[in-house]
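Trainee: Build me a model:
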Amino acid sequence: MSALKDRYVNPLTDFGFKKLFGTEPNKVLLIDFLNQVLPQRHQIKELTYLKNEHLGLDDLDRKAIFDLYCTGESGERFIVEIQKAKQNYFKDRSIYYSSFPIQEQAKKGEWDYRLEPVYTVGILDFIFEDHRGDHELLHLVELKNQRCEVFYDKLKFIYIELPKFRKTEDQLVTHFDKWLYVFRHLSQLQDRPQALQEKIFQKLFEAAEIARFSPKEREIYEDSLKYYRDMKNVVDTAWEEGREEGREEGREEGREEGREEGAYQSRLEMARLMKQAGESPEKIRQYTGLSEEEIKRLG
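Mentor: Coordinates of the predicted model:
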């Protein structure tokens with residue numbers, strides 16, 4: 001279905017996510033969503049968007065590009081990202097990205113090293129391999145000691161595995177349920193569901209209505225939606241081909257080789273799509289794990 005035939009934008013596309021949650025007129029949407037996953041003591045009343053590109057301490061350091069980066073009125077930092085496909089070392093990348101808002105708090109001269117909290121919130125359009133067997137879709141990760149006591153409470157990683165959310169409209173109970181329903185189904189809806197009548201969702205549906213977009217915004221959204229669908233198809237196809245190849249071999253080694261080959265082909269195709277979309281070599285490397293030489297060889 002063409003995006004122009006849909007009534008509402010897909011929030012999992014780059015354009016849709018930043019349109020709904022990354023603009024000043026709509027920041028109440030981001031505040032409301034974040035408050036569903038943040039602890040009570042860090043509930044947000046106001047936030048400020050910061051630049052989403054960060055360089056290392058010198059020219060040799062890698063850079064990080066966040067989907068959204070903002071700070072709360074009390075100084076806490078929030079990295080908020082949509083992750084559309086599995087990638088190598090995703091957890092490593094989350095840790096690496098969190099180091100930038102930590103480092104930028106350093107002060108010249110005498111400084112007591114007091115840090116403001118840093119949160120990384122990942123909205124995942126996939127399921128972690130090591131979590132496929134459990135039903136929990138919200139994961140809160142923090143530093144703990146050997147007795148599972150929180151050692152440091154100012155660094156937290158919050159991940160939401162969207163594919164695990166399967167509730168229908170009449171099963172929505174909590175405000176969090178309603179937000180997950182929006183992420184999963186917004187672009188498929190023609191009218192605002194009865195369960196989503198609160199003012200905050202009225203604002204969201206108004207902001208998401210494609211008929212309100214300018215011609216330029218529609219064009220950008222079409223490209224963003226095509227990129228999202230192409231990437232999703234590549235990943236799903238490669239995963240299934242890897243599984244099928246493993247089944248045909250009938251041995252554990254064959255299954256593993258099939259999965260690895262499928263994953264590699266998926267990363268190559270993802271890199272091609274990103275290159276065609278004009279993404280920087282650095283971002284392609286971060287998302288696919290391919291070397292600079294492999295990226296250069298792509299047509």
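
Trainee: In the stretch 51-200 of the chain, what residue spans correspond to strands?
Mentor: 53-54, 64-65, 68-72, 77-83, 118-124, 138-144, 150-161 (DSSP state E, counting those that start in this stretch).

Trainee: between the fifth one and strand 150-161, how big is the angle?
Mentor: Between strand 118-124 and strand 150-161, the angle comes out at 20 degrees (axes from the mean of the first three to the mean of the last three Cα atoms, to 10 degrees).

Trainee: Pairing partners for strand 118-124, with directions?
Mentor: strand 77-83 (parallel), strand 150-161 (parallel) (DSSP bridges).

Trainee: if we can go back for a sec, to Gln265, which of the strands of the stretch 51-200 of the chain lies closest?
Mentor: Across the strands of the stretch 51-200 of the chain, Gln265 has its closest neighbour in strand 77-83 (19.8 Å, Cβ to Cβ). Glycine gets a C-beta too; all of them are placed from N, C-alpha and C.

Trainee: Check the model's average confidence along that closest one for me.
Mentor: Strand 77-83 shows a mean pLDDT of 93.

Trainee: show me the contacts for the residue most central in space within the chain.
Mentor: With distances taken as Cα atoms, centre = their mean, Ile82 lies nearest the centre of the chain, 1.6 Å away. Applying Cβ atoms under 8 Å, 6 or more residues apart in numbering to Ile82 gives the contacts 11-12, 14, 17, 67, 123, 125.

Trainee: ok, now with 6 Å
Mentor: 12, 17, 67, 123 (Cβ atoms under 6 Å, 6 or more residues apart in numbering).

Trainee: could you dump the strands of the stretch 51-200 of the chain to CSV with distance to Ser214?
Mentor: Output for those, formatted as CSV (distance: least, Cβ to Cβ, whole Å):
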stretch, distance to Ser214
strand 53-54, 25
strand 64-65, 25
strand 68-72, 22
strand 77-83, 23
strand 118-124, 26
strand 138-144, 36
strand 150-161, 31
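
Trainee: returning to that earlier point: what is the nearest of the contacts of Ile82 to Lys283?
Mentor: For those, the nearest to Lys283 is Asp67 (11.5 Å; Cβ to Cβ).

Trainee: count of neighbours near the nearest residue to the closest one once chain neighbours are set aside?
Mentor: Spatial nearest neighbour of Asp67, chain neighbours left out: Glu81 (4.4 Å); criterion: Cβ to Cβ, 6 or more residues apart in numbering. The number of residues packed near Glu81 is 20, by other Cβ atoms under 10 Å.

Trainee: quick one: low-confidence parts of the stretch 1-150 of the chain?
Mentor: For the stretch 1-150 of the chain, the stretches with pLDDT under 70 are 1-4, 54-65.

Trainee: ok, which stretches of it are helices?
Mentor: Ranges of helices in the stretch 1-150 of the chain, per DSSP state H, counting those that start in this stretch, are 14-21, 27-37, 90-103.

Trainee: Met113: neighbouring residues, count only.
Mentor: For residue 113 the amino acid is Tyr, not Met. Residues lying near Tyr113 (other Cβ under 10 Å) number 7.

Trainee: ok, it - contacts?
Mentor: Here Tyr113 is in contact with no residues (criterion: Cβ under 6 Å, 6+ apart).

Trainee: if we can go back for a sec, how far away is the residue nearest to the centre of the chain from Pro215?
Mentor: Using Cβ to Cβ, to the nearest Å, Ile82 is found at 25 Å from Pro215.

Trainee: And for Asp153?
Mentor: Taken as Cβ to Cβ, the span from Asp153 to Pro215 is 48 Å.

Trainee: Looking at these two, which one has more neighbours?
Mentor: Ranked by neighbour count (other Cβ under 10 Å), Asp153 and Pro215 place Asp153 first, with 13 against 7.

Trainee: For Leu140, which non-adjacent residue is closest in space?
Mentor: Ile158 (5.6 Å).

Trainee: isn't the one you found right next to Gln36, touching?
Mentor: No - between Ile158 and Gln36 there is no contact under Cβ atoms under 6 Å: 10.2 Å.

Trainee: neighbour-wise, which of these two wins?
Mentor: Ile158 (20 against 16).

Trainee: Quickly list what the more buried one is bridged to.
Mentor: Val121, Leu140.
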